[in-house]
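1. For reference, the sequence and a predicted model appear below.
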Amino acid sequence: MCRAFRKPDTIKKDVVWHVAQSQPLQLLADGQVVMTYATNTRTYDAVKNSGNHFEIMWDAQQWELGVCAIPKGSPRLDAAYKCLAFAGSPKSQADLTRYLPSGPTNQDAITLVDPTMLPHLPTASDPTGNVLVRNAVLWAERGDELRQRFTAWLAK
């Protein structure tokens, strides 16, 4: 963990920090930075609707996984299972990419996706490549501490 706080010292003066998800692409569009970290959904929107000529570099992309849960004792258990089956089906996941470039988690959906959309999806290529998976357990256990350390480091 200490290395994670030592290495940024070497580049701190060259980094432009942001506090809102809307800022990275605006900084890029304004020429204040030459590259940035942003979500693929926001990048896609900036290219499609704002005329920006950005490209996503998928190497070392960071994945965050979401989960669905059914509350214990749910009176609509059968409906909940049907909903999960629908949402996880290849057709539903492929259809969603027509509106939002979120990568289908069901790999069988990729063959159903419009080929022009594939370059915008994080899961369209080999999902076992150079991917950084966010450690949810670490952030749940130590997130507050790490954010405080980072804030203190940033203020130095």
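-> Ah, there it is.
2. Quick one: the helices in the protein, in order.
-> Listed in chain order, the helices of the chain (DSSP state H) span 2-6, 23-29, 40-50, 77-88, 90-96, 136-155.
3. Need the residues that contact the fourth one.
-> For helix 77-88, the external contacting residues (C-beta atoms under 8 Å, 6 or more residues apart in numbering) are 68, 70, 74, 92-93, 105-106. From N, CA and C alone the C-beta is placed, and that goes for glycine too.
4. Can you tell me which of the residues you listed is nearest Ala140?
-> Taking C-beta to C-beta as the measure, Ala140 lies nearest Cys68 of those, at 17.9 Å.
5. Leaving out chain neighbours, which residue sits closest to the closest one?
-> Of all residues not flanking Cys68 in the chain, Leu84 sits nearest, at 5.9 Å (C-beta to C-beta, 6 or more residues apart in numbering).
6. quick one on the thing from earlier: in the contacts of helix 77-88, which residue is surrounded by the most others?
-> Neighbours here mean other C-beta atoms under 10 Å. Within those, the largest count is held by Gln93, at 22 neighbours.
7. just checking, that one touches Gln107?
-> No. Checked against C-beta atoms under 8 Å, the pair Gln93 and Gln107 is beyond contact range at 9.5 Å.
8. re earlier: of the contacts of helix 77-88, closest to Arg6?
-> When the contacts of helix 77-88 are compared for distance to Arg6, the smallest value, 35.5 Å, is given by Thr105; criterion: C-beta to C-beta.
9. Surely that closest one touches Leu96?
-> No. Judged on C-beta under 8 Å, Thr105 makes no contact with Leu96 at a distance of 10.7 Å.
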